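1. Structure for this input, please:
(4 chains)
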2 protein chains.
Amino acid sequence: MQKKTPTGTVLYTIEQTIKEYRKICQKNIQKVVGDITVDQCLVLIILNDNAGIPQIEIAKLIFKDNASITRIIELMVQKDYLTREVDESDKRKSKLLLTEKGQKTIVLLTPIFKLNRKTALSGLTLDEIELLDKLLHKIISNCKTS
Amino acid sequence: MQKKTPTGTVLYTIEQTIKEYRKICQKNIQKVVGDITVDQCLVLIILNDNAGIPQIEIAKLIFKDNASITRIIELMVQKDYLTREVDESDKRKSKLLLTEKGQKTIVLLTPIFKLNRKTALSGLTLDEIELLDKLLHKIISNCKTS
DNA sequence: ATTATTTATTTGATATATCAAACAAATTTG
DNA sequence: CAAATTTGTTTGATATATCAAATAAATAAT
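-> From the prediction side, this is the model:
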């Protein structure tokens, strides 16, 4: 049930799983949009679905550090996916908007994201997916309250 | 069953899980050994269990790139956890050995690793853990063959 | 044996992770 | 209102991820 190395535990299977999933995501994304990363896509989708959301909320949604979000967004502004202005209602915040390129990219990527999920979860029943989710949330909660 | 954002899928739960787990690992490791990271610990354990293993095998065991392993080892040599020499039987390889500090660290860390796993998996039955592992391996295989 | 190919590792470039410290704007307190 | 605290973001430092290209040694092919 468990291999010789500590890497034989289910926790390393989790790590392996997310790495393999990210690989196919990146591969499929590249086919359609050449200059964007998985994480940048996530930010794009979040912004598209939640206009005006502050960076700190983006960070929470995709489990990232604020510093990481700052840098990801910086690159996306450079590559003309986003524009960033100071939010006049609260000058600490920045107002992030998709550019035309950003919006077109969303259209291109939406089917890719669906495909990625479908590929990864193929052969799993709804019940299994729910169970998987439940077990993982149990682990998350164990870690958080430790 | 699924939230509004794409981050609501089980695949993002997987990502979240591994991040939370790594956090408690790092936190608990820090309590005992101040200057080592989770990944460096993994390399240490692998080397302790598999003397003379080439870097490329370490990479496979912990799902990392060869380039990453090179750099991780470099830092560990600098911090006197490892020594590295050219392997005379095959000069492309390097012979990696734990220093005394490395061996002492293993002793300190072994109980921590057990604790981390126990904490994370607490409340899950063996059957559930096996099922979790099975479902994850299914996803891995889906991704690999896609 | 020389050439071609493969294998193990390294290096460079770029992206992200993490923590701590810095900052400025907003909010709360006394 | 002024001082203290909180909030949103940035910056610096260091570690890791990923891909591609470069090396050098080992092995296979002609």
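
2. doesn't residue A:95 fall inside a helix?
-> No: Residue A:95 sits outside any helix when classified using DSSP: H, G, I helix; E, B strand; the rest coil, being strand.

3. quick one: it from residue A:112, how far?
-> For residue A:95, the distance to residue A:112 equals 28 Å [C-beta to C-beta, to the nearest Å]. To be clear about C-beta, it is placed using only N, CA and C from the backbone, and glycine gets the same treatment.

4. Show me the helices in chain A, by range?
-> Under the criterion DSSP state H, chain A contains helices at A:10-32, A:38-49, A:55-61, A:66-78, A:100-121, A:126-144.

5. Tabulate those helices (TSV), appending distance to DNA strand C, mean neighbour count and mean pLDDT.
-> Below are the helices of chain A laid out as TSV (distance: least, C-beta to the nearest atom of the strand, whole Å; neighbours: other C-beta atoms under 10 Å in any protein chain shown; pLDDT from 0 to 100):
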stretch	distance to DNA strand C	mean neighbour count	mean pLDDT
helix A:10-32	10	19	95
helix A:38-49	4	20	96
helix A:55-61	9	16	95
helix A:66-78	3	16	98
helix A:100-121	14	16	96
helix A:126-144	12	17	96
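
6. can the ones you listed go into a markdown table with extra columns for distance to chain B?
-> Compiled in a markdown table, the helices of chain A are given as follows (distance: least, C-beta to the nearest C-beta, whole Å):
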| stretch | distance to chain B |
| --- | --- |
| helix A:10-32 | 4 |
| helix A:38-49 | 6 |
| helix A:55-61 | 5 |
| helix A:66-78 | 12 |
| helix A:100-121 | 5 |
| helix A:126-144 | 4 |
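
7. Correct me if wrong: residue A:128 contacts residue B:135.
-> Yes: if you go by C-beta atoms under 8 Å, residue A:128 and residue B:135 touch, sitting 5.9 Å apart.

8. And residue A:118, how far from residue A:88?
-> Distance, residue A:118 to residue A:88, by C-beta to C-beta: 42 Å.

9. For residue B:80, find the nearest of the helices of chain A.
-> Nearest to residue B:80 among the helices of chain A is helix A:10-32 (26.9 Å), distances taken as C-beta to C-beta.

10. coming back round to it: figure out which of the helices of chain A is closest to residue B:141.
-> Nearest of the helices of chain A (C-beta to C-beta): helix A:10-32, 8.8 Å.

11. Kindly calculate the angle that the closest one makes with helix A:38-49.
-> 70 degrees (axes from the mean of the first three to the mean of the last three C-alpha atoms, to 10 degrees).

12. dump the residue contacts of the closest residue in space to residue A:51 that isn't next to it in sequence.
-> Spatial nearest neighbour of residue A:51, excluding adjacent residues (C-beta to C-beta, 6 or more residues apart in numbering or on different chains): residue A:97 at 7.7 Å. Taking C-beta atoms under 8 Å, 6 or more residues apart in numbering or on different chains, we find residue A:97 in contact with A:47, A:51, A:82, A:83, A:84, A:85.

13. Please convert the buried members of these into ChimeraX selection syntax.
-> Buried subset of the contacts of residue A:97, written as a ChimeraX selection, criterion 16 or more other C-beta atoms under 10 Å in any protein chain shown:
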select /A:47,82
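
14. which of the contacts of residue A:97 lies closest to chain B?
-> residue A:47 (10.7 Å; C-beta to the nearest C-beta).

15. Tell me the spacing between the closest one and residue A:97.
-> Taken as C-beta to C-beta, the span from residue A:47 to residue A:97 is 8 Å.
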